[in-house]
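A.B. asks: I'll drop the sequence and a predicted model, then ask my questions.
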Amino acid sequence: MQNILEIDKLQMHFPVRHGVFSRSSGILKAVDGVSLSIAPGETLGLVGESGCGKSTLGRCIVRLLEPTSGTIRFMGKDITHRAQWLLRRLRRRVQMVFQDPADSLNPRMDVRHIISEPLDIHHTGSRLSRRQRVNALMDLVGLPASASEKFPHEFSGGQRQRIGIARALATGPKLLVLDEPVSALDVSVQSQVLNLLLDLQRELGLAYLFISHDLSVVRHMSDRVAVMYLGKIVEMAGANSLYSHPVHAYTRALMSAIPVPDPTRRKHVPILPGDVPSPIDPPPGSAFGRRINHPYLESTYGMDLSPREIAPGHWVAPDPCAVPLADLQRMGIDIYQ
């Protein structure tokens, strides 16, 4: 079966400018050589600390940003540098749900016009069929038809996110990029929206890229999980495999920080020393090793730290500063050579 999305060595770099004349003083490497794929009907979770490049990657996929280099293939077609006027057909098949529904909905438009706007832009159907489509979408996301005449400020956060989901579904997409879709919602509402997304996926056969920093939510939603650190994928595997046998030290640190829903149990959470290195002109070698001042750091200079398959479907960056030596040997790497 052909993957619905394939990304190969994608990079998104931003020039850093200073001074009166806006001279370039460096390059911010927000996404730096990411490769991944998503199958039809699959959910790939993307996790990592704030600022690691998760949202930038999502915006590159929907082509809100022009990638610096690399390849994005959607349904077998290269869309990496396609001109904006040629992306109209793509827009119907790839949509994005944003983190804050209050900011992503036009406050001057009522719900009916918000949801029908993609249909108007793509000249889909007649005026009557668009109205019927809007009613059907509102019913699909659990909103009454009478709410179509209201404005976004008249709804709760969870209801506004449902409106955003309905708008994303208007053109019948195959892939949704969900950028922290529940992080701005109350905990009591999060489960409702997550269950709605799961129901929609089963009913419509959607594929999801689920971006989040909440690892417990990602485990509930995802078939596979990719861990991102400073613009790179450091580990990727099936959700059960990753959560039960994390290999990379950064992944293990993230897993240990997941809260335990039992106030009688105390959990010792090891704190990673140091700070995340700056993505502006990052130094050579292992970014994670530099953060913890690992003694093997110099051995990573010039190494290819692209993820390798350590077990069927389980990929990890061969970083001597983060991966046990026994696991490196399983990948055919000997740092003493």
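C.D. replies: Thanks, I have the structure now.
A.B. asks: longest helix anywhere in this structure?
C.D. replies: helix 187-204 (DSSP state H).
A.B. asks: Pull the residues that contact the following helix or strand past that one.
C.D. replies: Per DSSP states H and E, helix 187-204 leads on to strand 207-211 as the next helix or strand towards the C-terminus. Defining contact as Cβ atoms under 8 Å, 6 or more residues apart in numbering, one finds that strand 207-211 is touched by 4-5, 38-46, 54-55, 57-58, 61, 174-181, 197, 201, 218, 221-222. C-betas here are computed from N, CA, C, even on glycine.
A.B. asks: Let's see the PyMOL selection covering just the buried ones among those residues.
C.D. replies: In PyMOL, this line selects whichever of the contacts of strand 207-211 come out buried by 16 or more other Cβ atoms under 10 Å:
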select buried, resi 4+5+38+41+42+43+44+45+46+54+55+57+58+61+174+175+176+177+178+179+180+181+197+201+218+221+222
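A.B. asks: Inside strands: which ones of the contacts of strand 207-211?
C.D. replies: 5, 38, 43-46, 175-179 (DSSP state E).
A.B. asks: Export only the CA atoms of the longest helix of the chain, formatted as CSV.
C.D. replies: What follows is helix 187-204, C-alpha atoms only, in CSV (Å, rounded to 0.1, in the frame of the first residue of the first chain):
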residue,chain,number,x,y,z
VAL,A,187,-8.8,18.6,30.7
SER,A,188,-12.5,17.6,31.0
VAL,A,189,-13.0,18.7,27.3
GLN,A,190,-9.8,17.2,25.9
SER,A,191,-11.1,13.6,26.1
GLN,A,192,-14.3,14.6,24.2
VAL,A,193,-12.3,16.2,21.3
LEU,A,194,-9.8,13.2,21.2
ASN,A,195,-12.7,10.7,21.0
LEU,A,196,-14.3,12.8,18.3
LEU,A,197,-11.0,12.6,16.3
LEU,A,198,-10.8,8.9,16.7
ASP,A,199,-14.5,8.4,15.6
LEU,A,200,-13.9,10.7,12.6
GLN,A,201,-10.8,8.7,11.6
ARG,A,202,-12.7,5.4,11.8
GLU,A,203,-15.7,6.8,9.8
LEU,A,204,-13.8,8.7,7.2
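A.B. asks: all helices for the stretch 101-250 of the chain, in order.
C.D. replies: In the stretch 101-250 of the chain, the helices defined using DSSP state H, counting those that start in this stretch lie at 101-104, 111-121, 127-140, 157-169, 187-204, 215-221, 239-244, 249-256.
A.B. asks: Pick the most deeply packed of these.
C.D. replies: Greatest average neighbour count among those goes to helix 157-169 (a mean of 23), per mean count of other Cβ atoms under 10 Å.
A.B. asks: what residues does it touch?
C.D. replies: 95-98, 101-102, 104-105, 111, 114-115, 117-118, 134, 137-138, 140-143, 147, 152, 155, 176, 181-182, 184-186, 189, 192-193, 196-197, 200, 204.
A.B. asks: Now do it: distance to the chain's middle.
C.D. replies: Chain-centre distance of helix 157-169: 18 Å, with Cα atoms, centre = their mean, to the nearest Å.
A.B. asks: Rounded mean pLDDT for stretch 309-320, please.
C.D. replies: Averaging pLDDT along stretch 309-320 gives 93.
A.B. asks: Quote the end-to-end distance of it.
C.D. replies: End-to-end distance for stretch 309-320: 15 Å, by Cα to Cα, to the nearest Å.
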